[in-house]
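Student: how would this look folded up:
(2 chains)
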Amino acid sequence: MIECKHLSKSFNKLQVLNDVNFEIAPGKITGIIGKNGAGKTTLFKCMTGLEQHSGEITSPFKPLKDHIGYLPTSPYFISRITGKEYLTMVLKARGMRVDNIESKNIFDLPLQSYASNYSTGMKKKLALLGVLLQKNKVFIFDEPFNGVDLEGNMLISGILNELKAQGNYILLSSHIFSSLKSLSDSIFVLEQGKLSDSVLPADYERLEQDLSPKVEGTILTKLES
Amino acid sequence: MRFTIGNKDLVSVLEFRLIHKLVEGRMMDYYFKLQVTRAGRFFSDQGIHPLLGAILACALFISIALYATSQFEFAEWFITLTGISVVMKNSNVVRIQFLAGIFQDEKLRNIRLIEQHFFALPFLIFLITYGNWLPAALLYIATIASVFMVVSGKTRKDIPTPFAKNPFEYIVGFRKTWIVLPCAAFVILLGWKEANGGLAIASIVLVSLVSMSFGYKPEAPEYIWMHSKSPKQFLFHKLKNTLLHSQILLLPFSIASVLLFPDFGMVVTIVHLTCTLFLASLVLAKYSAYPYEINVTQSMLLGLCLWFPPLFIAVLPKFFLDGVKKLTPLLHD
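Tutor: Got it, this is the predicted structure:
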C-alpha cells in the first residue's frame, strides 16, 4: 500500500494542498478528479518528489521515485532529440539496457523524428511508452487521454487495465468522467487542495451529478454583465 | 451641410478611424512597454538594477566589438553576421505566429520594423562609426528583409551525431551548432595558409565556446528526477559525459593545430586543458544554481578561473558540493 499522510504544500502564502490523506492499493486504479487549479498536478508532483512538501508518503519501494512512471499533462521534450533518443535516455536514466526499441514501438511513433515536433497526442504516447519501458511499479497518469486520438485512447485504456491486472499501483486523473469511471476502482475528489470525497463505483452516478455545473440562465450572457 | 462617404457620415467615419488609430496606437505602445518591463525583469532576476543592467549590456557590447576589431582582421564581418543572426532569431515562427494572433497585419509589420531596427542599431552604429559601409549595408538589407520573413528553424531531418548513445546535451547542441565545426576547420586552414598559429588557437576556442552553449541552461526537473542516481552519482555521470563528449569535438582541432603548428604545441595543450576544465566547471555551475540559471557570482567565478586557471582546483569542488545540495530534493541518497 502507498499511503499519503497529511500531505500539504503551499507556494508562498498560497496553500495548494491542505492535509491530504489517501491510500493507493496495488492492482487497483485510483482516480482523482477536481476542477482546474484544485491541486491535482501539485499532488502528483509531491508524490513523485518533484515538489517538496510537508507530510509523509510511505510505500514498499525504496526509494519510491525510482519506481514511479509519471506521465504529466503536457510532457516536455527537449528540442532536437529524436523519439528513439528520448527513450534511450529514459532507459539509461534508470540504468536499464537499451535494445531493440523499434520493436517495442506499440504506438507506431516516428521514432527517428524529433520528439519536439510531434503532435500533442504523439508526445503523450511517447512519454507513456517511456514510462512503460522503464517497467515501473507505480504509475501516475495526469490526464493521459487529453489530445490523444480515439484509437490511442482505447489503447491507453487497455494498457491501464493490463497494468492493473499485473498488480501495479495506478493513480489516474482525467476530466473525461466516462473514462475515469469506467477504469477507476475508487475516485477521490480534490477540492481547493483538500480531499472532499472518496467515492466507490456504486456512487459514481451521484458523483457525476454533483460535479455537473449549476448555471442559471445562459452562460454567455454572464460575459455581458 | 453634411459630407458623406458612401452612406456613412464623414465625421463618424473620421471619428471611427481616429479612435481605431488611438486604440491600436495604445496597444502598440503597451506592447513596447511590456518589452521594456521584460528586459528590466531579466536584469532584476539576476540581482542587477535594470538601469545598471542596461548600461552594463551596452558597455559589454562596445567592449567585445572594440576588442574584436583590435584583435581580428575580419572582425567587421563577425559583427555583421552576429547582427544578422540576432535579427533573424527575432523572426522565428513561434514568436511571429504569436504576434500575428494579436496584431493586425499592418500593425505587426510596424512592430517588427521598429523591433528589428532596435536590435540592428547597435551593430549598425558600430559598423558605420568604423567606416565599414558594405557590411553595414548588408546588415541593413538583412534587417529590412527579416521584417517580412518567418524563420522556421525546425527541421524534420534527424542530423546524425557521434553522441546518440548518451542523450542529451551534446546531441542537442551538436544539431543546433554543427555548422560552426566546418567554420572552425576553415579557420585552422586559413591560419595554416597565412602561417598564423593564433588562428588555430582561435578555432579551438571557437569550438569550446560552442560546446559551452550546449549545457549551461537548466533542464526541466523531470529530466533530472528520472535518474536512479544519488546527486553525487548524477553529477559524476554528467561530468564524465561532458569530459568525454567535449574531447570528441575538441581533440580533432587540437591535434590538427599541433600537427600544423608544432611550435604552438604547449599553447595548444594549455588552451585545450583550460577549455576542458572550463566546460567541466560550467556543467557543475549549472547544477550548483539549479533550478535557476547560472547567476552573476558563479559567472564571475568562472571568469576568474579563465583568468587564473589554478582557481579551478577550488571552484570545481565548490560547484560540485553546491550542486549536490541543489539536486538532493530531486534525487535520492
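Student: only C-alpha atoms for contact and neighbour calcs from this point on.
Tutor: OK.
Student: quick one: secondary structure of B:A280?
Tutor: helix (DSSP: H, G, I helix; E, B strand; the rest coil).
Student: May I have the residues that are in contact with it?
Tutor: The neighbours of B:A280, taking CA atoms under 8 Å, 6 or more residues apart in numbering or on different chains as the test, are B:239, B:242-243, B:316.
Student: if you set the cut-off to 7 Å instead, what comes out?
Tutor: B:239, B:242-243 (CA atoms under 7 Å, 6 or more residues apart in numbering or on different chains).
Student: of these, buried ones?
Tutor: B:239, B:242 (16 or more other CA atoms under 10 Å in any protein chain shown).
Student: can you put the contacts of B:A280 in CSV and add secondary structure?
Tutor: CSV is the format used below for the contacts of B:A280 (three-state DSSP):
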residue, secondary structure
B:L239, helix
B:T242, helix
B:L243, helix
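Student: So which of the contacts of B:A280 reach chain A?
Tutor: Taking CA under 7 Å from any CA of the partner chain as the test, chain A is in contact with none of the contacts of B:A280.
Student: Let me know the closest of the contacts of B:A280 to B:A59.
Tutor: Ranked by distance to B:A59 (CA to CA), the contacts of B:A280 are led by B:T242 at 32.3 Å.
Student: A helix includes A:V20, no?
Tutor: No: per three-state DSSP, A:V20 lies outside any helix segment and is strand.
Student: now the closest residue to chain B within chain A, nearest residue through space, not along the chain?
Tutor: Of the residues in chain A, the one nearest chain B is A:A93, at a distance of 4.2 Å by CA to the nearest CA. Nearest residue to A:A93 in three dimensions, chain neighbours excluded: B:H227, at 4.2 Å (CA to CA, 6 or more residues apart in numbering or on different chains).
Student: how close does A:F188 sit to B:K325?
Tutor: Plainly put, A:F188 is 35 Å away from B:K325 if you go by CA to CA, to the nearest Å.
Student: Also B:P167?
Tutor: With CA to CA as the criterion, B:P167 and B:K325 are 24 Å apart.
Student: So for the two, which sits in the more crowded spot?
Tutor: B:P167 (20 against 16; other CA atoms under 10 Å in any protein chain shown).
Student: for chain A, what spans make up the strands?
Tutor: Ranges of strands in chain A, per DSSP state E, are A:2-11, A:14-24, A:28-33, A:54-58, A:68-71, A:138-142, A:169-173, A:186-191, A:194-199.
Student: hmm, I was thinking of chain B
Tutor: B:4-5, B:8-9.
Student: Okay, now the unreliable bits of the stretch 201-333 of chain B?
Tutor: For the stretch 201-333 of chain B, applying pLDDT under 70 flags the ranges B:333.
Student: What residues does it have near chain A?
Tutor: B:221, B:226-228, B:330, B:332.
Student: could you redo the last one with a cut-off of 8 Å?
Tutor: B:220-222, B:225-228, B:329-330, B:332 (CA under 8 Å from any CA of the partner chain).
Student: Any chance of a markdown table for the contacts of B:A280, columns distance to B:M300?
Tutor: A markdown table is the format used below for these (distance: CA to CA, whole Å):
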| residue | distance to B:M300 |
| --- | --- |
| B:L239 | 21 |
| B:T242 | 21 |
| B:L243 | 22 |
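Student: give the contact list for residue 224.
Tutor: I'll assume chain A. Contacts of A:E224 by CA under 8 Å, 6+ apart: none found.
Student: That was the other one, I meant chain B.
Tutor: By CA under 8 Å, 6+ apart, the neighbours of B:I224 are B:330-331.
Student: again, 10 Å this time
Tutor: For B:I224, the contact set (CA atoms under 10 Å, 6 or more residues apart in numbering or on different chains) comprises A:50, A:93, B:218, B:231, B:234, B:327, B:330-331.
Student: In the stretch 151-300 of chain B, what residue lies closest to chain A?
Tutor: B:H227 (4.2 Å).
Student: now the residue positioned nearest the centre of chain B: how far from A:H67?
Tutor: Closest to where the C-alpha atoms of chain B average out (CA atoms, centre = their mean) is B:S213, at 7.4 Å. Distance of B:S213 to A:H67, given as CA to CA: 33 Å.
Student: Next one, pLDDT for the nearest residue to B:G215 once chain neighbours are set aside please.
Tutor: Counting by CA to CA, 6+ apart, B:G215 lies nearest to B:E169, which is 5.7 Å off, once chain neighbours are set aside. pLDDT recorded at B:E169 is 85.
Student: give me the number of residues near B:E169?
Tutor: There are 22 residues near B:E169, going by other CA under 10 Å.
Student: Cool, thanks, talk later.
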